[in-house]
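**Q** Here is a sequence together with a model predicted from it:
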Amino acid sequence: MVIQETKHDFEVAILGNGLSGSMLGTILGKKGASVVIIDEDQHPRFAVGESTIPHTSLIVSILAEKYDLPELEHIVDTQRLAKHVCTTCGIKRHFGYVYHRPGQVYDRREGLQFGTSARDENHWFRQDIDAYLHNLAVHYGAVPRQKTKVTSLEINKQGVKLHTSAGEEIRARYLVDGTGHKSILAERFGLRETPTRLKHHSRTLFTHMVDVPPFDDANNPLPISYHKGTLHHCFERGWFWVIPFNNNPLSTNPIISVGLTIDPRRYPKPDMSAEAEFNEFVNRYPSVAEQFKDGKAVRPWVSTGRLQYSSKQTVGYRYCLMSHASGFVDPLFSRGMFNTVEIIQALADPLLEALKTDNFNDEAFLAVDRQQQKVLNYNDDLVNCSFISWDDFDLWNAWLRVFGLGTFLAEFHLMNGMSDYTRTGDPSHLVGKTQNSIFCDFEDPDYAAFFKDSVETVEAYEAGGMTSTAAAQRIFDMANQYEFAVPIRKDALVRAHWMKEEDQLSERDLGFIRRGFRWALTTPLTRDVVSSSAAFFRWCAHRPDPHLCVESDSQSRDLKTPRRRDERKERRPSLRSHAVRSSSPVAPPSTTDARPAVQASTR
Ligand SMILES: Cc1cc2nc3c(=O)[nH]c(=O)nc-3n(C[C@H](O)[C@H](O)[C@H](O)COP(=O)(O)OP(=O)(O)OC[C@H]3O[C@@H](n4cnc5c(N)ncnc54)[C@H](O)[C@@H]3O)c2cc1C
């Protein structure tokens with residue numbers, strides 16, 4: 001039995017044993033590198049950031065396959081998670097966004113659900129996930145140093161030298177900083193941008209609660225329970241998150257993660273406790289107050305200052321800052337852990353190569369820096385425009401399509417690359433083809449231009465250059481002129497475990513799905529952009545969500561459905577019976593009627 005590891009020389013020293021440090025340590029250890037992971041805290045410990053997106057899970061699956069680490073994939077599959085890791089996590093079937101006005105009961109026509117995938121995403125109870133990953137890293141040879149502070153740090157041509165609070169001297173050839181926002185290296189080398197270049201401003205308050213019931217029943221006319229996803233209560237320049245860990249039959253955890261994120265320029269920090277401030281916000285919105293009326297915090301509240309930070313550089317000679325150490329925007333859209341695993345993917349191979357060649361010059365790692373800076377800017381625009389758009393539901397409805405088009409299409413392209421990689425073993429399939437991308441090289445080739453024009457439109461509204469109605473209309477017009485492909489393939493859906501090989505899905509069915517997606521993502525008349533059979537059929541018939549098909553009230557702002565160039569040519573989808581099993585999550589139904597689209601209020 002090893003009581004204390006006495007080795008002091010390592011190839012890689014990793015600071016921080018959270019998600020990034022432990023996952024990278026697992027990969028490096030598996031590939032035979034000697035690794036030490038140092039953390040001032042110890043597992044299990046609280047960590048925030050729970051909600052995954054398909055992009056996050058797809059990259060974890062790729063890492064698991066590429067580095068032959070099936071245990072990594074346990075954390076993305078709901079069943080395997082409960083069997084092998086813990087029973088404390090929830091599931092996520094959608095991003096649910098409901099829109100609120102102060103003093104008013106929620107209007108259920110102003111709720112949107114964007115499906116995450118045909119297989120469940122996860123609400124990770126981070127203290128268990130992080131502990132599991134840390135133990136996995138140790139299993140693959142990483143040497144743990146918990147409850148250990150770094151007291152001095154030096155990097156030169158010979159390598160990295162650290163001293164710790166335990167009196168130990170640790171030498172390594174490369175240093176990875178996974179210490180998050182408190183980043184040791186950013187502090188040591190003055191890497192933070194002050195002031196940050198990021199446009200967005202927010203601060204946050206959060207805790208874990210029990211006794212927060214589902215936001216459903218009368219509030220939810222959509223097909224999936226809001227409780228089965230990550231719920232966002234959005235309002236002018238702010239949002240609450242509700243992330244249940246108890247929404248999964250396999251979960252034994254009654255806890256719900258809750259938080260409030262607000263713009264401090266609009267809502268300066270008051271002189272009161274975080275809990276009192278949270279309750280004050282809750283009480284402004286009657287439907288939110290109803291959901292939280294019995295909620296009880298089970299751990300201390302956290303209240304932060306401004307969340308946004310960025311770094312001038314994120315790699316340097318013999319070091320790299322992991323995503324969360326290099327910068328952060330806002331939890332909205334759950335992109336933090338996606339960016340984290342993306343940087344693990346980008347860093348692992350160059351680092352393993354550098355350990356072989358002994359070439360640790362910055363150039364080998366510059367692509368990692370470019371990627372980190374790019375996604376930070378993208379996340380900044382994405383969230384900043386969301387906060388602006390929350391002035392008006394119609395503008396928010398338009399802006400969410402801009403997010404959806406980027407995310408859905410990139411995920412399909414990535415899934416295709418993953419399937420091709422699995423089939424051929426050729427790692428070039430894991431590199432996307434899009435040049436000058438705005439957030440990832442798997443995004444649609446024309447997305448960057450569409451995104452930039454959409455950002456300019458929302459910012460023009462903010463600057464007073466156009467009304468919110470005109471801005472929303474312009475975004476939908478641009479979306480309709482944007483000739484994107486929906487690159488969905490059956491083999492890729494199977495590889496990503498979104499459907500089974502034996503499920504039948506013909507090319508014709510796929511064409512049906514592609515057309516449906518196209519309409520759903522570019523019209524103001526859908527609210528449940530999820531992958532259900534009934535929805536695909538309805539979309540192909542260009543029929544709005546049923547609960548929108550009501551007489552406009554006096555306050556409704558009718559956005560006309562913009563006409564696409566190909567719309568006149570498009571024929572009604574065939575009603576011929578499809579040989580599709582109804583269990584297939586992305587399959588169209590076999591029969592139904594197709595009434596002509598009716599004019600609907602957008603609210
Ligand atoms: C409020 C909030 C909500 C979020 N929600 C989501 C979400 O829903 N979905 C999502 O994908 N992402 C989310 N994120 C982002 C997510 O939290 C991060 O991407 C993720 O935690 C990064 O993991 P990490 O291991 O790099 O850093 P962390 O999880 O921050 O871990 C850092 C580790 O470093 C250690 N450490 C810190 N300082 C030192 C030191 N001086 N010496 C030694 N050790 C140190 C800490 O103890 C800790 O173990 C959220 C972030 C915030 C702030």
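**A** Structure received.

**Q** What about whichever residue of the stretch 201-350 of the chain sits closest to the ligand, how many residues nearby?
**A** Per Cβ to the nearest ligand atom, Gly336 is where the stretch 201-350 of the chain lies closest to the ligand, at 2.4 Å. In short, each C-beta sits where N, CA and C put it, glycine included. By the measure other Cβ atoms under 10 Å, the count of residues near Gly336 is 21.

**Q** Now do the buried residues in the worst-scoring helix or strand of the chain on mean pLDDT.
**A** Within the chain, confidence by mean pLDDT, DSSP states H and E is lowest for helix 533-540 among all helices and strands, at a mean of 82. By neighbour count on 16 or more other Cβ atoms under 10 Å, the buried set for helix 533-540 is Ser533, Ala535, Phe536, Phe537, Arg538, Trp539, Cys540.

**Q** for the residues you listed, which one is nearest the ligand?
**A** For the buried residues of helix 533-540, the nearest to the ligand is Ala535 (25.1 Å; Cβ to the nearest ligand atom).

**Q** Could you measure from Phe328 over to Arg306?
**A** Shown here: Phe328 relative to Arg306, a distance of 11 Å by Cβ to Cβ, to the nearest Å.

**Q** more crowded one of the two?
**A** Higher neighbour count among Phe328 and Arg306: Phe328, with 23 against 17, using other Cβ under 10 Å.

**Q** Now do the same contact list for whichever residue of the stretch 501-603 of the chain sits closest to the ligand.
**A** Nearest residue of the stretch 501-603 of the chain to the ligand, counting by Cβ to the nearest ligand atom: Val530, 19.1 Å away. Counting by Cβ atoms under 8 Å, 6 or more residues apart in numbering, Val530 touches Arg93, His94, Gln113, Phe114, Gly115, Pro223, Ile224.

**Q** Return the members of the residues you listed classed as buried.
**A** Burial by neighbour count, judged by 16+ other Cβ under 10 Å, picks out Arg93, His94, Gln113, Phe114, Gly115, Ile224 from those.

**Q** sec struct for the fourth one, please.
**A** Reducing the assignment at Phe114 to three states with DSSP: H, G, I helix; E, B strand; the rest coil gives strand.

**Q** Ok, Asn359 next?
**A** Here Asn359 is recorded as coil under three-state DSSP.

**Q** Give me the phi and psi angles of it.
**A** Per-residue torsions, Asn359: phi -100, psi 100 (degrees, to the nearest 10).

**Q** What's the local residue count around it?
**A** By the criterion of other Cβ under 10 Å, Asn359 has 11 neighbours.

**Q** how far away is it from Asn283?
**A** 59 Å.

**Q** Go ahead and confirm Gln313 touches Gln372.
**A** No. Gln313 lies out of contact with Gln372 (Cβ atoms under 8 Å); the separation is 9.4 Å.

**Q** So what's the residue count around Thr252?
**A** 11.

**Q** What of Arg171?
**A** Arg171: 15 neighbours (other Cβ under 10 Å).

**Q** tell me the SS of it?
**A** Three-state secondary structure (criterion: three-state DSSP) places Arg171 in strand.

**Q** Mind checking which of Gln313 and Gln372 has more residues around it?
**A** Between Gln313 and Gln372, counted using other Cβ under 10 Å, Gln372 has the larger neighbour count: 27 against 16.
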